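S.K.: predicted coordinates and the sequence they were generated for:
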Amino acid sequence: VKMKAKGQLIEYSVIGRKLPTDLDRSPQLYKMRIFATDVVNAKSRFWYFLSKLKKMKKASGEIVEIRVVTDRRPLKVKNVGIWLRYDSRSGTHNMYREYRDTTTSGAVTQCYRDMGARHMARAHSIQIMRVETITTKKCRRPIVTQFHNSKLKFPAVHIHKKHVSKNRIIVAKKIR
């Protein structure tokens, strides 16, 4: 089943391990930060990435804990740097992207939409490697740095004042 990024992505913290055996009573724990639409998708992505990194699969392992990660300040706008890898028709590419959003999961959702629009990359071919909140001094992309000006204004153009004195109800008159 291929991953679909429908709706808002949610950040999950997934901890898993190999099943305990007689030889290894307490196997090593592996923790991953997964962005997915729901818990089932998060578990699936966890096993997909872990099978690439370690010789382990879902049948020989177990999920110890899975929980939703929430931002400390969800009302503050942050600059988010995202390092990712994606598969295109010509090969695999590494990329760094920047977004402005109030949450990291919102920025990752923007990234998935942007990659689909600009590079025709499907959700299943995108692998998020690292997500980090970055300071304004470390921002590189002009689409993000243009909002760092403290004197930035958004003027309201095309304001139409309604005439209070005018009668707004128009009655159709029958012509004889």
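M.R.: Sure, I can see it.

S.K.: for Y30, name its beta-bridge partners.
M.R.: Taking DSSP bridges as the rule, Y30 bridges to G16.

S.K.: which non-adjacent residue is nearest the residue most central in space within the chain?
M.R.: Nearest to the mean C-alpha position of the chain, counting by CA atoms, centre = their mean, stands V108 at 1.9 Å. Nearest residue to V108 in three dimensions, chain neighbours excluded: F35, at 4.7 Å (CB to CB, 6 or more residues apart in numbering). C-beta here means a position set from N, CA and C on the backbone, and glycine is covered the same way.

S.K.: measure the one you found to I175 for me?
M.R.: 65 Å (CB to CB, to the nearest Å).

S.K.: neighbour count for those two, which is higher?
M.R.: F35 (24 against 4; other CB atoms under 10 Å).

S.K.: count the neighbours of M32 for me.
M.R.: Look at M32: counted by other CB under 10 Å, it has 16 neighbours.

S.K.: just give me how far the helix or strand containing it sits from the chain centre.
M.R.: Counting by DSSP states H and E, the element that carries M32 is strand 29-36. On the basis of CA atoms, centre = their mean, to the nearest Å, strand 29-36 sits 14 Å off its chain's mean C-alpha point.

S.K.: for stretch 59-79, same thing?
M.R.: 12 Å.

S.K.: may I see the buried residues of that stretch?
M.R.: Buried positions in stretch 59-79, judged by neighbour count with 16 or more other CB atoms under 10 Å: G61, D71, K78, N79.

S.K.: name the nearest residue to the second one, ignoring sequence neighbours.
M.R.: Spatial nearest neighbour of D71, excluding adjacent residues (CB to CB, 6+ apart): T103 at 4.8 Å.

S.K.: so how far is D24 from that neighbour?
M.R.: The gap separating T103 from D24 is 38 Å, by CB to CB.

S.K.: more neighbours: which of these two?
M.R.: The neighbour comparison of T103 against D24 (other CB under 10 Å) goes to T103, with 22 against 11.
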